[in-house]
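K.L.:
got a sequence here, can you model it:
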Amino acid sequence: MKIAIVCDWLVAVGGAEKVLNELLTCYPQADLFSLIDFVDKDKRGFLQNKPIKTSFIQHLPMAKKRYPFYLPLMPLAIEQLDLSAYDLILSSSHAVAKGVLTGANQLHVSYVHSPMRYAWDLQHQYLRETGLHKKWRGLVARYLLHRLRLWDVRTANGVDHFIANSHFIARRVQKTYRREAQVIYPPVDLSRFTPHYPKEDFYLAASRLVPYKRMDLIVDAFKEMPNKKLIVIGDGPELNKIKQKATSNVEVLGYQGNDTLLNYLQRAKALIFAAEEDFGLIPLEAQACGTPVIAYGKGGALETVRGMNHEKPSGLFFAEQTTRAICEAVTQFEQNETLFTVENCTANASRFSPKRFRQQLMQTVQEKWDAFQGR
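P.N.:
Below is the predicted model:
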């Protein structure tokens, strides 16, 4: 059968791109589609030398740096990708990829990282953080997001089977589309993330520097703990803001390659994770390195980190996204540090191996294909 894999956009390498790499490994014969493709040449390994078929947004002015401003055009753009020649469509979607047009003789399986956060439950937060909540811009933005929600619900009807990356996202899928979603956790490359002994006396925060990751909150917390060292790794629109907040005990390294990030993950005392994330691969990568996680106790982290109530904890949670809650969690961590062993962390991470992901995904797709053919 002819297979197409569709993703939202290709501009950086994060968790969704690592899942895309596994999809291409499972189905090397598939053709790959994306709204845009602006991944740097030295970061394209996850694409496995696949040619990318893009939409008209690829050729619009300043699309590389300003692609979020073309959000109102993205539903139209994704519908212009011609998939009529394919039997099976696999979409990897956190925005509009699930909205591709398919026919009655095509099976569409959508791996959902999240329904569009900024259009649904995080709309008000998104408008505030982007400054789009005021005056006439607020009215226009709210209207466009309203139209986007209508489109998003309608296009859920074109998906034959939903797969969610966590039970948290499966609940979002149910709430948003009134559809059941099977859960298949994303993979962590356990062969690359290996433990390091001994741990060193610093904490690590690593992610894209965008508002909802709350990296500013972590930096503010370590202002209140000048005797503790924090390393910040990541790049994004909030990089300058984070640098300006940093005090002498906070070192902001910006973007770092995979090898450097791995080195810090292995040596850190603990990873600090303050986002309400759909799933979040970085906490699992830290645990695979034997490094415990101090995480905000909502979202996917509750499924990837074993907290203090587990007999073999791999981290602990804080209940609020505040500097005080982070400071108290760090204090609690240091008071119970011996509980969070390297063995506990790696054992928990082993539940999320690439082999497990590939087996579950391919088995699910085959079962759905067989049922589709029988129908």
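K.L.:
now do Tyr185 against Met74, distance only.
P.N.:
Tyr185 sits 27 Å away from Met74, going by C-beta to C-beta, to the nearest Å. (C-beta placed from N, C-alpha, C; glycine too.)
K.L.:
looking at the two, which one has more neighbours?
P.N.:
The neighbour comparison of Tyr185 against Met74 (other C-beta atoms under 10 Å) goes to Met74, with 24 against 20.
K.L.:
quick one, grab the pLDDT at Ser91.
P.N.:
At Ser91, the model reports a pLDDT of 98.
K.L.:
if you could redo that for Arg375, that was the one I meant.
P.N.:
66.
K.L.:
those strands in the stretch 151-300 of the chain, which residues are they?
P.N.:
Along the stretch 151-300 of the chain, counting by DSSP state E, counting those that start in this stretch, strands occupy 161-164, 181-183, 203-206, 230-233, 250-254, 270-273, 293-296.
K.L.:
would you turn those strands into a markdown table with distance to Thr155 and mean neighbour count?
P.N.:
Output for the strands of the stretch 151-300 of the chain, formatted as a markdown table (distance: least, C-beta to C-beta, whole Å; neighbours: other C-beta atoms under 10 Å):
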| stretch | distance to Thr155 | mean neighbour count |
| --- | --- | --- |
| strand 161-164 | 12 | 23 |
| strand 181-183 | 15 | 18 |
| strand 203-206 | 34 | 24 |
| strand 230-233 | 36 | 22 |
| strand 250-254 | 37 | 17 |
| strand 270-273 | 32 | 27 |
| strand 293-296 | 31 | 27 |
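K.L.:
quick one: closest of these to Ile282.
P.N.:
strand 203-206 (5.7 Å; C-beta to C-beta).
K.L.:
tell me the gap between the closest one and the middle of its chain.
P.N.:
Chain-centre distance of strand 203-206: 17 Å, with C-alpha atoms, centre = their mean, to the nearest Å.
K.L.:
packing partners for it?
P.N.:
helix 215-223, strand 230-233, helix 258-267, strand 270-273 (3 or more C-beta pairs under 8 Å, 6 or more residues apart in numbering; DSSP states H and E).
K.L.:
does Gln80 touch Phe56 like I think?
P.N.:
Yes: contact criterion C-beta atoms under 8 Å: Gln80 and Phe56 qualify, at 6.6 Å.
K.L.:
quick check: Phe372 touching His108?
P.N.:
No: counting by C-beta under 8 Å, Phe372 sits too far from His108 to count as a contact (9.9 Å).
K.L.:
quick check: buried residues in the lowest-mean-pLDDT helix or strand in the chain?
P.N.:
Ranked by mean pLDDT, DSSP states H and E, the helix or strand of the chain with the weakest confidence is helix 123-130, at a mean of 80. Across helix 123-130, burial judged by 16 or more other C-beta atoms under 10 Å covers Gln123, Tyr126, Leu127.
K.L.:
can you tell me how far Asp152 is from Arg137?
P.N.:
Distance, Asp152 to Arg137, by C-beta to C-beta: 22 Å.
K.L.:
which of those two has more neighbours?
P.N.:
Asp152 (21 against 13).
K.L.:
residues contacting that one?
P.N.:
Val96, Gly99, Pro115, Met116, Ala119, Trp120, Thr176 (C-beta atoms under 8 Å, 6 or more residues apart in numbering).
K.L.:
what of Gly290?
P.N.:
Here Gly290 is in contact with Pro195, His196, Tyr197, Lys199, Gln266, Val342, Glu343, Cys345, Thr346 (C-beta under 8 Å, 6+ apart).
K.L.:
repeat for Leu23
P.N.:
Leu23 is in contact with Ile5, Ala30, Leu90, Ser92, Tyr111, Leu361, counting by C-beta under 8 Å, 6+ apart.
K.L.:
could you tell me which of those belong to strands?
P.N.:
Secondary structure from DSSP state E places Ile5, Leu90, Ser92, Tyr111 of those in strands.
K.L.:
quick one: which of those is the most crowded by neighbours?
P.N.:
The most crowded member of the ones in strands among the contacts of Leu23, judged by other C-beta under 10 Å, is Tyr111 (30 neighbours).
K.L.:
kindly state the beta-bridge partners for it.
P.N.:
Going by DSSP bridges, Tyr111 is paired in beta bridges with Ser92, Ile163.
K.L.:
mind checking how far it is from Val6?
P.N.:
Counting by C-beta to C-beta, the gap from Tyr111 to Val6 is 10 Å.
K.L.:
and for Val109?
P.N.:
Distance, Val109 to Val6, using C-beta to C-beta: 11 Å.
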